[in-house]
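Asks: following is a predicted model, sequence given first.
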Amino acid sequence: MIIRQIRITPVAFLDPPLLNAAGVHQPWALRAIVEIVTDEGLTGLGETYGDLGHLGKVRECAQALIGLDVHALNTMYARVTAIVGEDAQRVPTASQERSIDRVFSAFEVACLDVRGKAAGVPVSDLLGGRVRDAVPYSAYLFYKWAGHPGAEPDRFGAALDEAGIVAQARLLIREYGFASIKLKGGVFPPDEEIAAIRALHEAFPGVPLRLDPNATWSVETSIRVARELDGALQYLEDPTAGITGMAEVAAAVPMPLATNMCVVTPEHFPPATAARAIDVLLLDHHYWGGLTRSSHIATMCDAFGLGMSMHSNSHLGISLAAMTHLAATTPNLTYACDTHTPWQNGQDVLTPGTLRFTNGSVPVPTGPGLGVELDRDALAVMNEQYEKCGIVARDDTSYMRRINPSFPSTRPRW
Ligand SMILES: O=C([O-])[C@@H](O)[C@@H](O)[C@H](O)[C@@H](O)C(=O)[O-]
Ligand SMILES: [Mg+2]
C-alpha cells in the first residue's frame with residue numbers, strides 16, 4: 001500500500017463570535033483536509049489546522065512521504081521530524097516536538113483510514129478494539145455576541161450573562177442530548193463566571209459541569225474561585241498558567257484540575273506528575289501526534305493515575321470521527337469529551353448523516369477505516385470559502401481589538 005499522492009485542501013467554514021480569553025472567534029474557522037491516495041486506489045482522510053504557517057509545513061512534509069508504505073509510520077515520523085524539527089529550531093517560541101506531532105498527526109490518521117479500508121475493519125479495531133460503542137461528548141458553552149459585528153444575529157443568540165448561558169445550555173442539550181456541560185471561561189471577571197456555574201448547577205441538577213478560564217487567573221484567584229465552586233464542578237480546567245502554578249492550586253482546592261495547556265508534550269509528564277499539578281489530561285490527537293501516539297499517552301496517564309478527557313478546537317467531521325475512534329478505544333478516557341461540533345452548525349466536508357449524536361454521544365462508526373465519506377462538492381465549496389474569506393490564520397486577539405482596541409492580553413488577568 002504505497003502512497004502515490006497526497007492532496008491537502010484548506011477549507012473555511014462560518015464560525016460564530018465565540019468569546020474566550022484570547023478574544024473572539026473570527027467569522028471563518030480554518031481547517032485543512034488531507035487525502036492520502038495509494039497505488040491500490042484507496043484514499044485515506046485526515047483533518048488538521050488550517051493556519052497558513054502550519055499548512056506550509058504539512059504541504060512540504062506531504063512531498064516527503066510519497067512512495068512510503070502506509071504502515072511505515074516510524075519512517076514517516078522521522079521524515080516529518082527532519083523537515084519540521086529543523087524549522088521549529090529556528091523559531092525559538094515553538095516547541096520542536098509539538099510542531100512535529102501537529103504535522104504528523106493528520107498523515108497518521110489518513111494512513112489508519114487507508115489501512116482500515118484495506119482490511120475491511122474500523123480504525124477502532126486497529127487501535128485495539130472499542131471498549132464502548134458510543135462516545136459521550138459535553139455541551140461546550142461559550143459566552144458569545146448575538147452575531148459578528150455588522151452581521152445578522154446567528155441562531156444561537158447572545159450569551160453574555162448567566163441567563164444567556166443557561167439558555168444556550170438548554171438549546172444544545174435539546175438538540176444533541178448532552179449529559180455534561182463545559183463552560184469556556186476567562187471572559188468575564190471570575191464572580192460573573194461563578195454565577196454562571198451556579199445558575200447551571202441549579203438549572204441542571206446532577207449534570208457534571210466544568211469551567212475552563214484558559215489560565216487567566218492568578219493562583220490566589222484560582223483557589224478562591226475553586227473553593228466557592230466546591231460541589232458544583234466535576235473538574236476545573238486550566239485555572240492558572242504553568243505546572244508550578246497549577247500544583248499550588250491543586251494542593252489547595254477540593255475538585256480535580258484538568259489541563260490541555262500545561263501538559264502538552266511527553267516531556268511535561270515528569271514535572272507535572274512529580275508536582276501533582278493535574279488530575280485529568282485532555283487528550284487531543286491533533287497535537288499529540290495522531291491516534292497511536294495518543295493511545296500511548298493514555299497508557300502514561302493510566303500509569304500515573306491521571307483521569308482523561310478530550311480537548312477540541314473548531315473542527316469538522318473527519319476530526320470528530322477520529323476523536324470518536326480514539327475515545328472508544330481508550331479505557332481510561334472516562335469523562336465526556338469536548339467538541340465544537342454544534343458551532344459548525346451543520347457545515348461539513350462529509351456526506352450528510354455519516355456521524356450523528358444520540359443522547360449526547362456519537363455511535364462509533366463501524367464501517368471500514370474512519371467509516372466516513374468525503375463529500376467532494378462540499379469540499380470544493382469550503383475550499384472556495386477559504387480562498388475568498390481573507391483569513392489565513394486564527395487570531396482571536398486581533399479580531400477582538402478591531403472591535404475593542406483596549407482588549408488586554410495580560411495574564412493573569414484576574
Ligand atoms: O475555541 C475556543 O475558543 C477554545 O478556547 C479553544 O481554542 C481551546 O483550545 C480549548 O477549547 C480549550 O479547552 O482550551
Ligand atoms: Mg481547555
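Replies: Great, that's in hand. Bear in mind the structure is a predicted one, so any value in this text is a computation, not a measurement. Ligands and ions are numbered 1, 2, ... in the order given.
Asks: going forward, measure contacts between C-alpha atoms and count neighbours the same way
Replies: Noted.
Asks: and the pLDDT for the closest residue to residue 302 other than its chain neighbours?
Replies: Leaving out its chain neighbours, the residue that sits closest to residue 302 by C-alpha to C-alpha, 6 or more residues apart in numbering is residue 332, at 6.8 Å. Confidence at residue 332, expressed as pLDDT, is 96.
Asks: ok, residue 332 touching residue 298?
Replies: Yes. Contact criterion C-alpha atoms under 8 Å: residue 332 and residue 298 qualify, at 7.2 Å.
Asks: coming back round to it: ok, the residue nearest to residue 302 - contacts?
Replies: Contacts here follow C-alpha atoms under 8 Å, 6 or more residues apart in numbering; on that basis residue 332 touches 298, 302, 307-308.
Asks: what about it, distance to residue 258?
Replies: From residue 332 over to residue 258 the distance is 14 Å, taken as C-alpha to C-alpha, to the nearest Å.
Asks: if we can go back for a sec, which residues are common contacts for residue 332 and residue 298?
Replies: residue 308.
Asks: quick check on the residue nearest the centre of the chain: phi, psi?
Replies: Using C-alpha atoms, centre = their mean, the residue of the chain that lies closest to the mean C-alpha position is residue 312, 1.6 Å off. Recorded main-chain torsions at residue 312 are phi -140, psi 160, according to degrees, to the nearest 10.
Asks: check contacts around it.
Replies: Counting by C-alpha under 8 Å, 6+ apart, the residues that residue 312 touches are 284, 338-340.
Asks: make a markdown table from the residues you listed and add neighbour count to it.
Replies: Formatted as a markdown table, the contacts of residue 312 follow (neighbours: other C-alpha atoms under 10 Å):
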| residue | neighbour count |
| --- | --- |
| 284 | 22 |
| 338 | 23 |
| 339 | 22 |
| 340 | 19 |
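Asks: got the phi and psi for the residue in the stretch 51-200 of the chain that ligand 1 sits nearest to?
Replies: Closest contact between the stretch 51-200 of the chain and ligand 1, by C-alpha to the nearest ligand atom, is at residue 184 (6.5 Å). The phi/psi pair for residue 184 (degrees, to the nearest 10) reads phi -80, psi 120.
Asks: I'd say it and residue 139 touch.
Replies: No. Applying C-alpha under 8 Å as the test, residue 184 and residue 139 come out as separate, 10.6 Å apart.
Asks: look at those two and report which has more neighbours.
Replies: Between residue 184 and residue 139, counted using other C-alpha atoms under 10 Å, residue 139 has the larger neighbour count: 28 against 21.
Asks: report the separation between the closest residue in space to that one that isn't next to it in sequence and residue 137.
Replies: Distance criterion C-alpha to C-alpha, 6+ apart; nearest residue to residue 139, sequence neighbours excluded, is residue 181 at 4.7 Å. According to C-alpha to C-alpha, residue 181 and residue 137 sit 9 Å apart.
Asks: and the stretch 1-150 of the chain, which of its residues are near ligand 1?
Replies: By C-alpha under 6 Å from any ligand atom, the residues of the stretch 1-150 of the chain that approach ligand 1 are residue 20.
Asks: buried set for the strand or helix carrying residue 326?
Replies: Using DSSP states H and E, residue 326 maps to helix 317-328. Neighbour-count burial for helix 317-328, counted by 16 or more other C-alpha atoms under 10 Å, picks out 317-328.
Asks: is that helix anywhere near ligand 1?
Replies: No. Counting by C-alpha under 6 Å from any ligand atom, ligand 1 has no neighbours in helix 317-328; the shortest distance is 14.0 Å.
Asks: what's the mean pLDDT across that helix?
Replies: Rounded mean pLDDT across helix 317-328 is 98.
Asks: pretty sure residue 150 is in a helix, no?
Replies: No. Residue 150: not assigned to a helix; according to DSSP: H, G, I helix; E, B strand; the rest coil it is coil.
Asks: pLDDT value on it, please?
Replies: 96.
Asks: contacting residues for the closest residue to ligand 1 within the stretch 1-150 of the chain?
Replies: The nearest approach of the stretch 1-150 of the chain to ligand 1 comes at residue 20, 5.2 Å away (C-alpha to the nearest ligand atom). Counting by C-alpha under 8 Å, 6+ apart, residue 20 touches 142-143, 184-187, 213.
Asks: could you dump those residues into a markdown table with distance to residue 106 added?
Replies: A markdown table is the format used below for these (distance: C-alpha to C-alpha, whole Å):
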| residue | distance to residue 106 |
| --- | --- |
| 142 | 27 |
| 143 | 30 |
| 184 | 26 |
| 185 | 29 |
| 186 | 30 |
| 187 | 31 |
| 213 | 28 |
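Asks: how about the residues of the stretch 251-400 of the chain near ligand 1?
Replies: 311-314.
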